[in-house]
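K.L.:
Dropping a prediction and its sequence here:
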Amino acid sequence: MKPGSLLRLKGIIRKEWLQVIRDPSSIAIAFFLPLLLLLIFGYGVSLDAKNIRIGLVIEQPDSASLSIAGGFEHSPYFAPIHLSSIQEAENALRASTIDGIIWLRQNFAADYLNNQSPPIGVLINGVDANTARLIEGYVQGIWFSWLEQQAEKAGRTLRSPVQLEQRIWFNPQVRSTDFLVPGILAVVMTLIGALLTALVIAREWERGTMESLLVTRISVNEILLGKLIPYFILGMGGLLLSLVIAETLFHVPVRGSLWLLFAVSALFLWVALGMGFFISTVFKSQFVAALVAMVSTFLPAFILSGFIFDIQSMPTLIQGVTLLIAARYYVAILQTLFLVGDVWSVILPNAAALAVMGLFFHGLVHRRTRKRLE
Amino acid sequence: MVHPSATANLSLASASPTAPVLVLDRVDKGFVVEKKRIAALNEVSCAIRPGRVTGLIGPDGAGKTTLMRLCAGLLLPDRGTVRVLGVDVVLEPLAVQAQIGYMPQRFGLYEDLSVRENLDLYADLQGVPAKERSGRYQQLLAMAGLEEFQGRLAGRLSGGMKQKLGLVCTLVRPPRLLLLDEPTVGVDPVSRRELWQIVYHLVESESMSVLLSTAYLDEAERCAEVALIHCGRILGHDKPTNFSQQVAGRTWLIRAPALAKRTLQRQLSRNPAVLDALVLGASVRAVSRDCTPPTLADLSNPSGAEVILAPPRFEDFFVATLKDEAADRKNNRIALAVPGSRRGGDEVIIADNLVRRFGSFYAVDRVSFRVRPGEIFGLLGANGAGKTTTFRMLCGLLPITSGACTVAGLNLRTAAAAARARIGYMAQKFSLYGNLTVQQNLRFFSSAYGLHGGRRRRQIDWALATFDLAPYAATESQNLPLGFKQRLALAVALMHGPEVLFLDEPTSGVDPLARRDFWAQINSLADQGVTVLVTTHFMEEAEYCDRLVIMADGRVLAEGTPEEMKERHGGDLDREATMEDAFIGLLRHHQPMGT
């Protein structure tokens, strides 16, 4: 280490820290934004369908049709509304006051008793394809359990080709909060790591402070390290805050080990800082750096990381693109650590991918940063 | 990479106290701007001697900043060598940076850090040992007059204080060579004088060597030596008096009581024997081609006229040398298409207790003045004095917090659109569309002003002919020489035949020659009855105004003619007071706390 290096490092870290404390926008990005995102995704956004408003049209009320209506009424997924005619129901569907229609025709009971396939009509609003598919599944579930009930009553087993016994692992209640909240950590860390650092370095260029810094005895390594350390600490602080919220408000389980969670998060934060540094070495205005950081790191972390949208169900080309998104590897590890446990076969390859990306970005930054203005 | 012939003897010599601290040897440096290579420095060779202030003087765009950055190791030369304190900057930038102090044009103060924290940061970066700090801080802060402001955030300091703090930060560890890039630009004259005092104090007490760049030609006389730079070439390097001696016997002060000063100036500058004629107070200062005084017999009214030999100034040399080079004399008389709008009669602009508040900050505080038709009226003040804000309110671009103003008899609050049709506005940095041609710019702006059909065609033809823009009609305006950009901007502002012309810092960043051309154009407009309101921070430009107000901190400190200003506020000096003396006198009176 060169003489005076520690002093210079200390000086720049202290300066950076004072700036963070005095600049409300960096505090907002590091602490309030994570809070906001966690609250929105924890409370607001839910990918589960519950209390679906469904219209029940029963043309001939009798024991068979009423028992099937009872199935819907007792299900936590549905909030059925009784409607008198199919016309009325279709109008309601068009007006979006209901999301689907169950239509039991006049000859429903008769057909069932005659062992003919009873005509049950199901219409679902397909505008939101995701919800539509969920509704379809739930309706089938109720239909099958009704058939089973009827079969039991008649003293025979249902003649069905496959007997389905469902078990859902790792998230037995299928709570979307449990996988959304860990995913949010990836978004938060990207924000702090990439957006904040891209901004603060661009700010030095914009305000002309970089030129003064470059002419002091400081070396490139010292500048980079001096910026890395404070924002690394800030990022780990943001992580800790998010974890506490995830536990206290949303009771998300952590089945893996905490130290591993912190180690992997530190690795990802290092990658994100590398991306932020890289952006700011190329774009020297805060406005452009912020836009580029948003589009190239934050939005992909949201959309392409598998945090909300399943990567497997993306088109092949887009799946290929996700391989370049660092957040995808982190999300995979996070969801495993939170919901499954220390599964090394998942953690190791993903961590290796992160390490490669980190080396790539930091190497690039190192090559590109010179103590010169050109 | 290294020229052995040029460097061998110098590295040996660097130990001796008289050896140059900075040597540039045939340095070339170019930049690529939009696929075109622009030479910023061309075969520059120069040696800066130790223990004195050397001024690097030249207009904007001459290559001053490029040269400074090369010396600080922030840029690499394309060819040639730069040796600082005997060390090659290209090979060992860190070794050089450890020994120099460099203050860029926009010094990097951290505005969200206090004065003390900024000092601490630079002390850490420069490796100043902890035990030496308090003594050094005390000394520097006392020198800059900042002792009482140690806890204040740098962003809350005034412009002049920021500049002084910037200088102090580069000095926490005494450098052997101090590079200052335009330290006095946009700074009020009081702070400017203080900055110079600090620099001289350093040279004397710490035997520091200083290279200081500036675009203000009047600062040349404060330097021990001057390197004159123009268009990337060093035109000369000598003592400032040696420069001005070259035009000795050719500089004159001419009075003609029977003529208005602008008329006198115009008539003198038409004289082929006169290179340069400049209004100075009640008289005109002229530089002639040879040592014979300019003849006064040709004046339209020579009664009582007299000519006195005046001591030469650095600026005279600059203008004489470069005007010789630029042989073609442009036509600077702008003939209006619709001449003589108004003369005499009521005031054209009335500002009555104008106030503009931003939050709790008064950018303009009870400003009042009246401008008569055909007058050139100036708003003079440092950056941040409230000139541009006043201007924007007068043009109807910014709502008024309280007070009233009328322009051309129209109230800005009730008839802003109608008033705007009567005014022409030339913004700072000439708001032109860079990627449109001259012709397209004229067409666009004429339609924006509501001209159409035959009138629009006639006005465009008039603009092209009057401003000598016809040869450039198909040139994109971003590729125009600066002087022609300015002409185009002025043409655009005059398209719709306004009665009142607003010029916001029209000459900032323009070299002294183009500035002269521009004022000749403005004078001819005023002669034809156009009322001109102009803001400037160049003290000497106030001389061109018929009347002016001096502003500071959003207030009008004084109003009057330039002569009145100098007489009343110039103070008791053994020489004739300049506008800067008047400004400083006023500012001292206004804020007795400042220094």
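P.N.:
Looks like it arrived, so ask away. Residues are numbered from 1 along each chain as shown, chains lettered A, B, ... in the order given.

K.L.:
leaving aside the residues next to it on the chain, what's closest to the spatially most central residue of chain A?
P.N.:
In chain A, the centroid-proximal residue (Cα atoms, centre = their mean) is residue A:307; its distance is 3.1 Å. Spatial nearest neighbour of residue A:307, excluding adjacent residues (Cβ to Cβ, 6 or more residues apart in numbering or on different chains): residue A:183 at 3.1 Å. Placement of C-beta: from N, CA and C, glycine included.

K.L.:
Would you check that the one you found makes contact with residue A:305?
P.N.:
Yes. Look at residue A:183 against residue A:305 with Cβ atoms under 8 Å: they come within range, at 7.0 Å.

K.L.:
what residues do the two have in common as contacts?
P.N.:
Residues touching both residue A:183 and residue A:305 by Cβ atoms under 8 Å, 6 or more residues apart in numbering or on different chains: residue A:331.

K.L.:
Tally up the residues packed near the residue in chain B positioned nearest to chain A, please.
P.N.:
At 2.5 Å from chain A, residue B:124 is the closest residue in chain B, using Cβ to the nearest Cβ. Burial of residue B:124 is recorded as 25 neighbouring residues (other Cβ atoms under 10 Å in any protein chain shown).

K.L.:
Below-threshold pLDDT in the stretch 301-450 of chain B: ranges please.
P.N.:
The stretch 301-450 of chain B contains residues with pLDDT under 70 at B:324-333, B:337-345.

K.L.:
what about the helices in it?
P.N.:
Secondary structure of the stretch 301-450 of chain B by DSSP state H, counting those that start in this stretch: the helices cover B:314-325, B:387-394, B:416-420, B:438-448.

K.L.:
Quick check: chain neighbours aside, which residue is closest to the closest residue to chain B within the stretch 1-150 of chain A?
P.N.:
Closest to chain B within the stretch 1-150 of chain A is residue A:11: 2.5 Å, counting by Cβ to the nearest Cβ. Counting by Cβ to Cβ, 6+ apart, residue A:11 lies nearest to residue B:124, which is 2.5 Å off, once chain neighbours are set aside.

K.L.:
and if you look at residue B:384?
P.N.:
The shortest distance from residue B:384 to any non-neighbouring residue, by Cβ to Cβ, 6+ apart, is to residue B:159 (5.5 Å).

K.L.:
Assess the claim that the one you found and residue B:192 are in contact.
P.N.:
No. Assessed by Cβ under 8 Å, residue B:159 is found out of contact with residue B:192, at 10.7 Å.

K.L.:
So those two - more neighbours on which side?
P.N.:
Taking neighbours as other Cβ under 10 Å, residue B:159 and residue B:192 compare with residue B:192 leading, 24 against 15.

K.L.:
If you count neighbours, what's buried in whichever strand or helix holds the more buried one?
P.N.:
Using DSSP states H and E, residue B:192 sits within helix B:189-205. For helix B:189-205, a neighbour-count test (16 or more other Cβ atoms under 10 Å in any protein chain shown) marks B:189, B:190, B:191, B:192, B:193, B:194, B:195, B:196, B:198, B:199, B:202, B:203 as buried.

K.L.:
Ok, stretch B:243-250 next?
P.N.:
So for stretch B:243-250, counting by 16+ other Cβ under 10 Å, buried means B:243, B:244, B:247, B:250.

K.L.:
Show me what the helix or strand where residue A:247 lies is packed up against.
P.N.:
With secondary structure defined by DSSP H and E, residue A:247 is part of helix A:220-248. Here helix A:220-248 touches helix A:5-22, helix A:33-39, helix A:177-190, helix A:197-206, helix A:258-282, helix A:344-368, going by 3 or more Cβ pairs under 8 Å, 6 or more residues apart in numbering or on different chains; DSSP states H and E.

K.L.:
can I assume residue A:241 is in contact with residue A:34?
P.N.:
Yes. With contact defined as Cβ under 8 Å, residue A:241 counts as touching residue A:34 (6.1 Å).

K.L.:
Among the two, which residue is more densely surrounded?
P.N.:
It is residue A:34, of residue A:241 and residue A:34, that has more neighbours when counted by other Cβ under 10 Å, with 23 against 16.

K.L.:
mind listing what that one touches?
P.N.:
With contact taken as Cβ under 8 Å, 6+ apart, residue A:34 is in contact with A:184, A:188, A:191, A:192, A:238, A:241, A:242, A:245.

K.L.:
nearest residue to it other than its sequence neighbours?
P.N.:
Nearest non-adjacent residue to residue A:34, counting by Cβ to Cβ, 6+ apart: residue A:188, 4.2 Å away.

K.L.:
Local confidence estimate at that neighbour?
P.N.:
In this model, residue A:188 is scored at 84, pLDDT.

K.L.:
what about residue B:148, distance to residue B:161?
P.N.:
Distance of residue B:148 to residue B:161, computed by Cβ to Cβ, to the nearest Å: 11 Å.

K.L.:
And the two? Which one has more around it.
P.N.:
Taking neighbours as other Cβ under 10 Å, residue B:148 and residue B:161 compare with residue B:161 leading, 21 against 9.

K.L.:
How many residues are close by the nearest residue in space to that one that is not next to it in sequence?
P.N.:
Excluding the flanking residues, the one nearest residue B:161 by Cβ to Cβ, 6+ apart is residue B:146, at 6.5 Å. For residue B:146, the neighbour count with other Cβ under 10 Å is 20.

K.L.:
Tell me which residues touch residue B:421, please.
P.N.:
B:449, B:450, B:496.

K.L.:
Would you mind giving these as TSV with distance to chain A added?
P.N.:
Listed next are the contacts of residue B:421 as TSV, based on distance: Cβ to the nearest Cβ, whole Å:
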residue	distance to chain A
B:449	32
B:450	34
B:496	35
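
K.L.:
ok, and the most crowded of the residues you listed?
P.N.:
Within the contacts of residue B:421, neighbour counts (other Cβ under 10 Å) peak at residue B:496, which reaches 21 neighbours.

K.L.:
For that residue, which residues are in contact?
P.N.:
B:421, B:424, B:446, B:449, B:450, B:451, B:459.

K.L.:
Could I get the pLDDT score of the closest residue to chain B within the stretch 251-374 of chain A?
P.N.:
Residue nearest to chain B within the stretch 251-374 of chain A (Cβ to the nearest Cβ): residue A:373, separated by 4.6 Å. The model reports residue A:373 with a pLDDT of 74.

K.L.:
Just to check, it is in contact with residue B:76?
P.N.:
No. Contact between residue A:373 and residue B:76 fails when scored by Cβ under 8 Å: they sit 9.8 Å apart.
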